[in-house]
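> Build me a model from this:
(chains A and B)
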Amino acid sequence: MSTEQGPLILVVDDYEDAREMYAEYLRFCGFRVAEARNGNEALEQAFTLVPDLILMDLSLPGMDGWEATRQLKSDERTRNIPVVALTGHALAGASESAQKAGCDSFVTKPCLPDDLVAEVRRMLGTVRNV
Amino acid sequence: MTPLRPARTLLRPVVSPVNDAARLELLEYFLAHHDDPSRYSHASLEWLARYVGVKRSVVLIVDREAGLLVRSAGYGIPTEDVEPSVWSLDARDPLAVALSASGPTVVRPGRFDGPAQGTPSRLLGAGSFTAVPLRGGRGDDGNALGLMLLRPANGAAADITWVATVLGQKLDQIRGRGSLTDEVRKLRRERSLLFTIINAVTDPILLTDTEGRLIVANARAEKLFAASEEESEGRRRAVELNNMLFSAALSRSAVEGGAEARELLLVDPSEGSDLLFEVLSSTVEDPREGTGIVSVLRNITDLRRATEQIEENYQRLRVLEAAARTERDRLNLIIDSVADPIIVTDPTGETVLMNAPAEDLFTFPLGAPESAERNVQANDAHFSSFISGLLLGETGPGEIRRGEIGLLSPTTSEINPVEAIAGKVMGESGELTAVVTILHDRREALERARLYEQLKLASDELQARVQAATAELATQNELLRRQAIELEQASRLKSQFLANMSHEFRTPLNAILGYTHMLLQGVAGDLSPAAKRQLQRIDSNGRHLLTIINEILDITRIEAGKMPIQLSEFNVNDIVPEVMAELDPVVGRSKLTVTPRLSPFAPTVRSDRQKVKQIVVNLLSNALKFTHQGGIDITVQYDPYRGMVSVSVSDTGIGIAPEHHERIFEDFRQVDDSPSRQYGGTGLGLAICRRLATSLGGRITLRSNLGQGSTFTLTIPLEPPQ
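Okay, the predicted model is just below:
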């Protein structure tokens, strides 16, 4: 992977408008972006590409975000990739269950692209420092 | 044997020359009395004593048929020695010799040992005496009619002979009439009978002189008052004592006078026991013997004992009688206190006793109307026919007769149904003594039964109603329970629905806000000023929609109890600038001045910081919305006494009428609910604020009036509620 390009972000979301919006804005901000529509695709891409960060929508068809995150975090190859959970569920317990599944951060939708990029940058900075 | 004394002399003996006058005196007497030999004999002896000086003398008359000598009279000899006064005539007796002598014979007693009863010669005491035969003038066979024993008889033989001749002739004369022997026999029998009678009397009888000396005593008296030398010392002592006691009693009687009975305590000489006698004494005047006292002693020992027994029994009887009277009084009281009429009837059907309630039925007062009398008569008739069976013995003893009879009230003529219960009272020998009847007024019982029946009906009805009501209640409860379950399910479904909806709303809103944002950021290249302004309108309305969606979500969470409270320690003063910063764009657009007034004394509180901020943001945004000119103050205060911290937001806005103060806290409410209302908003803001404040243990209050601005105050405790 070429280092002259920005960090690779895997955006996982079944809702195309949201997924492409975040992907376009991330590219606009200088990141490389890979996309997945569900849990299985997310695992496949993650194992193949080994991205620098994964933006994970939790409500997904098929394998959901919680399960995908658990598998990612239980695999040697992907264990250290930060996972930022994205969810429209504002009900109590959503963030707790995301943390329990292994997510490193939690962002509630609606989330403006600017705010999301700020969170991604924050997380990447944390990892780099480690 | 008994204390004796010489019989009292009736005539004073005067020794004087016997002359014709004296002789005539005797003859005159003889002529006057011609039927009693004893009297002639006695007169003759008295004459001799008086005129000749014969101190002691006896006349004995011969009963030849029986071979007896019978005493006819005595002078100067102990009266008691008249007993026995009849002697058998033994041929060897000197007196028998004297009888056959032609003239006076001098007899010397003691020479003859006669039969046990002795001879009359002893009457004259020891020593010799003269025996003069008495012969009739007819000169019969030489046997004398009797003997005259004299002592002394010295001298005056002519007078003695004269008297003997006169007396002999008189006796012969009387005997000639055949009366002498009969008279003697009669006398003898009578005397014998008299003594037998006296002796037969079981009561002691005594004749005493006025001095108390005993003259005659019957056999029973002798046992008490006489003892011979041979008898025991004790017995003699007892007799002696009895004599003393008796004499004392007699003298008392003499002193006190009267012939009334008095009591005398004597000793039984043979038994030694006390005997109580009643002494009846009476004075007797005898022309010959003088004054004597006849005493009859009646043994009243047993009588006294019996009397005492009777007295004791009488006392006992009185006690029993008193007890019986008390018992009867008590019984009367009881009977009178019984409310039911009680009637006691005797075997003839007569009413013996009735208590007051019975009197009300069977008697009528004087002057009562005629109807009362008729009613009482009717009652009598009913009652009589009821008890007639008992009186006629149709029922056995101990059997109770019951029946119901209708009696009339004498005053009101009202019919009383009465239950009559009658029983027999039997005497000791099984005879019918009385019939007792108790009448029990059935009206009360009937009325009570009727009331009871009514009560029972009412109770049953009530019970049925209660059961119905209970069943209804159970049904309603079940219904309510089901409704509650359904409501809970509905509520849960609603919450779930709203949660889902909010998610569904947010997803497209996320894209709208995101792309608007990207366009404004110039991702798609530069925009014309008009396009940029239009995009900003999209962005503004999108954010407002997001706020509405979030508020609905909050209400849903709170109602579902799923609003998490995250406690932390913070100072309320710090919240104020944050809130102002958040609403800075709005403040900028409004031309209003927002002034923070912080409290240097406000301590750190432990509460949910995010929610406190949310409430203050809401209050400030409301103030900004409803205020067109003036300013807004945000004031922090601390009440150390209650331990509360408050944040007040005061505006100079339109104000709220007091009648709307509560309404504005209700869900989806504004003061103006009309579709054409002036101010936007969901109307959920204050409802959410109040709920949040409550969940933090605090509250929101409002002070406002129309046109005078409003002050909303959030008050929270230093520590959250348990």
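> How many residues are close by whatever residue of the stretch 501-650 of chain B ends up closest to chain A?
Using CB to the nearest CB, the single residue of the stretch 501-650 of chain B nearest to chain A is B:N510, 3.7 Å away. C-beta coordinates here come from the backbone N, C-alpha and C atoms, glycine included. Neighbour count for B:N510, taken as other CB atoms under 10 Å in any protein chain shown: 25.
> name the element it belongs to?
Take DSSP states H and E as the rule and B:N510 turns out to sit in helix B:442-520.
> next structured bit after that helix?
Downstream of helix B:442-520 (by DSSP H and E), the next one is helix B:529-559.
> ok and that next one relative to helix B:442-520, angle-wise?
Interaxial angle, helix B:529-559 versus helix B:442-520 (axes from the mean of the first three to the mean of the last three CA atoms, to 10 degrees): 150 degrees.
> what's in contact with whichever helix or strand comes after helix B:529-559?
Scanning forward in sequence from helix B:529-559 by DSSP H and E, the next helix or strand is strand B:568-570. Here strand B:568-570 makes contact (CB atoms under 8 Å, 6 or more residues apart in numbering or on different chains) with B:T604, B:V605, B:R606, B:S607, B:D608, B:R609, B:V612.
> Closest one to A:S59 out of those, please.
B:D608 (27.3 Å; CB to CB).
> and the residue in chain A positioned nearest to chain B, what does it touch?
Residue of chain A nearest chain B, by CB to the nearest CB: A:P110 (3.7 Å). A:P110 makes contact with A:G88, B:R506, B:L509, B:N510, B:L513, B:G514, B:L546 under the criterion CB under 8 Å, 6+ apart.
> is it true that the second one touches A:C111?
No: B:R506 sits out of contact with A:C111 when judged by CB atoms under 8 Å, with a separation of 9.9 Å.
> If you count neighbours, what's buried in the helix or strand where B:G588 lies?
For B:G588, the host element (DSSP H and E) is helix B:584-589. Within helix B:584-589, the residues that qualify as buried are B:V587, counting by 16 or more other CB atoms under 10 Å in any protein chain shown.
> show me the contacts for A:Q45.
A:L10, A:A34, A:E35, A:A36, A:P51.
> Could you do B:I558 as well?
B:I688, B:R691, B:L692, B:S695.
> Report the separation between it and B:R690.
10 Å (CB to CB, to the nearest Å).
> just B:T105 next, same as before
182 Å.
> Please apply the same query to B:R220.
For B:R220, the distance to B:R690 - CB to CB - is 139 Å.
> Can you show me the strands along the stretch 101-250 of chain B?
Per DSSP state E, counting those that start in this stretch, the stretch 101-250 of chain B carries strands over the ranges B:105-107, B:129-134, B:146-151, B:205-209, B:214-217.
> Over to the stretch 551-700 of chain B?
B:568-570, B:593-597, B:605-607, B:631-639, B:644-650, B:699-704.
> Does anything pack onto the helix holding B:G588? Which helices or strands?
helix B:609-626 (3 or more CB pairs under 8 Å, 6 or more residues apart in numbering or on different chains; DSSP states H and E).
> Would you map the helices across the stretch 1-150 of chain B?
B:20-32, B:37-47, B:94-100 (DSSP state H, counting those that start in this stretch).
> residues contacting the residue nearest to B:R188 when sequence neighbours are not counted?
Spatial nearest neighbour of B:R188, excluding adjacent residues (CB to CB, 6 or more residues apart in numbering or on different chains): B:V86 at 6.0 Å. By CB under 8 Å, 6+ apart, the contact set of B:V86 is B:L68, B:L69, B:V70, B:R71, B:R188.
> Could I get these in JSON lines, plus columns for pLDDT and distance to B:P37?
What follows is those, written out as JSON lines (pLDDT from 0 to 100; distance: CB to CB, whole Å):
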{"residue": "B:L68", "pLDDT": "78", "distance to B:P37": "15"}
{"residue": "B:L69", "pLDDT": "79", "distance to B:P37": "14"}
{"residue": "B:V70", "pLDDT": "80", "distance to B:P37": "10"}
{"residue": "B:R71", "pLDDT": "78", "distance to B:P37": "11"}
{"residue": "B:R188", "pLDDT": "74", "distance to B:P37": "13"}
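> Which of the residues you listed sits closest to chain A?
Using CB to the nearest CB, the contacts of B:V86 come closest to chain A at B:R188, 164.8 Å.
> Check the contact between that closest one and B:V70; I expect there is one.
Yes: counting by CB under 8 Å, B:V70 is a contact partner of B:R188 at 6.6 Å.
> which of these two has more neighbours?
B:V70 (26 against 17).
> The more buried one bridge partners, please.
Beta bridges link B:V70 to B:I61, B:V86, judged by DSSP bridges.
> swap in B:R56?
Going by DSSP bridges, B:R56 forms beta bridges with B:R151.
> which residues touch it?
B:Y75, B:G76, B:I77, B:L123, B:L124, B:G125, B:F129, B:L150, B:R151.
> Among the contacts of A:Q45, name the buried ones.
Among these, those classed as buried by 16+ other CB under 10 Å are A:L10, A:A34, A:E35, A:A36, A:P51.
> Of the residues you listed, which is the nearest to B:R305?
A:A36 (148.1 Å).
> can I assume that closest one is in contact with A:V11?
Yes: in this structure A:A36 lies within contact range of A:V11 using CB under 8 Å: 7.5 Å.
> Let me know the helix or strand that the residue sitting nearest the centre point of chain A is in.
Closest residue to the average C-alpha location of chain A: A:L55 at 1.4 Å, with CA atoms, centre = their mean. Element membership for A:L55 (DSSP H and E) is strand A:53-57.
> Summarise which helices and strands the helix or strand of chain A with the lowest mean pLDDT is packed against.
Within chain A, no helix or strand scores below helix A:94-101, which has a mean of 76 by mean pLDDT, DSSP states H and E. When contacts are defined as 3+ CB pairs under 8 Å, 6+ apart, helix A:94-101 sits against helix A:65-73, strand A:83-87, strand A:105-108.
> Let me know the angle separating the very next helix or strand once past the shortest one from strand A:83-87.
It stands for strand A:105-108. As assigned by DSSP H and E, the chain's next helix or strand after strand A:105-108 is helix A:113-129. Angle, helix A:113-129 to strand A:83-87, by the same axes, to 10 degrees: 160 degrees.
> what mean pLDDT does helix A:113-129 have?
Here helix A:113-129 scores 81 as its mean pLDDT.
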